[in-house]
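Enquirer: what follows is a predicted structure for the sequence shown.
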Amino acid sequence: MTSTEQAKIVIKENKQGAHSEIPRFAISYGKAVDTDTDRCRLISFKILSALKGEDNDVIIEVDSSLLNAPRQYRSDIALDFVRAVRGAGIDFRYDKNAEKASFFSQLFRIGDTSPSFRHRVLAYIPQNIWSSEGFINILPAQGIRYYIVPSSAQSSKLLDDMRQGYILDDEKLDMFDLIVFDCCVFGHMGVYTKHLSLDDIKGRLKNIL
């Protein structure tokens with residue numbers, strides 16, 4: 001029995017419509033805080049591969065401020081991903097910026113004088129890298145955003161435009177068929193799209209539902 005057969009995959013649609021703040025679809029595939037991270041990672045990868053299809057590439061965004069992990073571990077998770085994509089020769093962009101703390105968070109950080117940084121990584125993953133052996137193991141389980149793009153996309157320009165903020169959030173919904181935020185440790189992903197219906201999503205997942 002495969003891992004996807006053991007998992008109960010549930011798709012729910014948000015009837016409020018498609019916009020950048022709330023996912024249009026929610027896909028659950030594991031327990032809340034599943035201790036079997038490798039199992040959830042495999043199920044997640046199979047779902048993402050089915051949503052992506054074989055004709056598309058992916059832009060992966062790892063943002064330390066969005067990771068579902070204790071604050072002291074977030075930098076290491078993001079930097080481990082940087083080292084992995086760099087070592088694999090993957091085209092990526094990386095930024096490190098000081099996080100702005102609110103007045104109250106500064107007020108109650110007694111004895112904690114260490115600076116806090118936000119690490120953001122954008123990586124362009126062509127199909128041949130996505131399907132390569134071992135690629136799944138470099139993906140952080142604590143939260144990743146995936147942008148599904150045609151394989152004909154101008155990868156370097158697209159990475160540069162996203163890095164510089166030239167593409168607004170609402171414009172991303174027009175540009176990409178699917179944007180997915182996935183968190184393996186919770187067995188849950190949110191799907192943002194203006195282009196696909198519930199039947200379209202189920203159609204892409206028909207072989208693993």
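Expert: Yep, it's here.

Enquirer: export the one helix or strand Val82 maps to to CSV, keeping only CA atoms.
Expert: The secondary structure element spanning Val82 is helix 71-87 (assigned by DSSP states H and E). As requested, C-alpha coordinates have been extracted for helix 71-87 and formatted as CSV (Å, rounded to 0.1, in the frame of the first residue of the first chain):
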residue,chain,number,x,y,z
ARG,A,71,12.2,31.4,15.9
GLN,A,72,15.7,30.2,16.8
TYR,A,73,15.6,27.5,14.1
ARG,A,74,14.2,29.5,11.2
SER,A,75,17.4,31.0,9.9
ASP,A,76,19.1,27.5,9.9
ILE,A,77,16.2,26.0,7.9
ALA,A,78,16.3,28.8,5.3
LEU,A,79,20.1,28.7,5.0
ASP,A,80,20.2,24.9,4.7
PHE,A,81,17.9,25.4,1.7
VAL,A,82,20.2,28.0,0.2
ARG,A,83,23.1,25.7,0.5
ALA,A,84,21.2,22.8,-1.0
VAL,A,85,20.0,24.7,-4.1
ARG,A,86,23.4,26.3,-4.6
GLY,A,87,25.1,22.9,-4.4
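
Enquirer: right, and the helix or strand after the lowest-mean-pLDDT helix or strand in the chain?
Expert: Across the helices and strands of the chain, mean pLDDT, DSSP states H and E gives its lowest value to helix 103-107, namely a mean of 48. Toward the C-terminus, helix 103-107 is succeeded by strand 117-125 as the next helix or strand (DSSP H and E).

Enquirer: and the following helix or strand past that following strand, average pLDDT?
Expert: Downstream of strand 117-125, the next assigned helix or strand under DSSP H and E is helix 127-130. Looking at helix 127-130 alone, the average pLDDT works out to 96.
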